[in-house]
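K.L.:
dropping a prediction and its sequence here:
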Amino acid sequence: MEYISSEEFLKQPNEVQGVFIDWWEPSEGDIYSLKRIGGIGVANGNINEGFKNECIPLFTEGQLRKFIEDKTKYKIVYNYNYEGNIIVGLKDIKSYGFIKEYETDEADLLQAYWKVSCEIAKEQI
């Protein structure tokens, strides 16, 4: 399974990390790393209130797509530019119009979504 590593997550400013943590609703099957001991775990049915404070979420492509759509209220469409890098677009499905595009220097969709998610999180601060 591909996911954003804890190192990538921790490279972000604390405020950006906070936007992600506030949005994240841990559910069964989510992967995470424990802050104090590292390693990778998979959330089970015993998720308690302090769980989010002890963990670093290791977001997958689908979770990042959901984050972007939840925070912007628009649907994602993506395409590749002539250099093979991904452009993530936000589209209003009611008007079929593009709202905004984020050009990335990534050819990998997970990494492109991560970069766009971080930009959106910074806009939320």
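P.N.:
Alright, I've got the coordinates. Numbers count the residues shown, from 1 in each chain.

K.L.:
give me the distance between the closest residue to residue 103 other than its chain neighbours and residue 114.
P.N.:
Of all residues not flanking residue 103 in the chain, residue 87 sits nearest, at 5.2 Å (C-beta to C-beta, 6 or more residues apart in numbering). Every residue, glycine included, has its C-beta placed from N, CA and C. For residue 87, the distance to residue 114 equals 15 Å [C-beta to C-beta, to the nearest Å].

K.L.:
for residue 32, same thing?
P.N.:
Separation of residue 32 from residue 114 (C-beta to C-beta): 16 Å.

K.L.:
my guess is the residue nearest to residue 103 contacts residue 106. True?
P.N.:
No: taking contacts as C-beta atoms under 8 Å, residue 87 lies outside contact range of residue 106: 10.1 Å.

K.L.:
which residue ranges of the chain form strands?
P.N.:
Applying DSSP state E to the chain gives strands spanning 31-34, 38-42, 55-57, 75-80, 86-92, 97-103.

K.L.:
ok so, going back, list the contacts of the residue nearest to residue 103.
P.N.:
Shown in contact with residue 87 (C-beta atoms under 8 Å, 6 or more residues apart in numbering): 78, 79, 80, 81, 101, 102, 103, 104.

K.L.:
rewinding a little: so for residue 110, which of the strands of the chain sits nearest?
P.N.:
Each of those has some distance to residue 110 by C-beta to C-beta; the shortest is strand 86-92, at 10.1 Å.

K.L.:
give me the sheet partners of that closest one and which way each runs.
P.N.:
strand 75-80 (antiparallel), strand 97-103 (antiparallel) (DSSP bridges).
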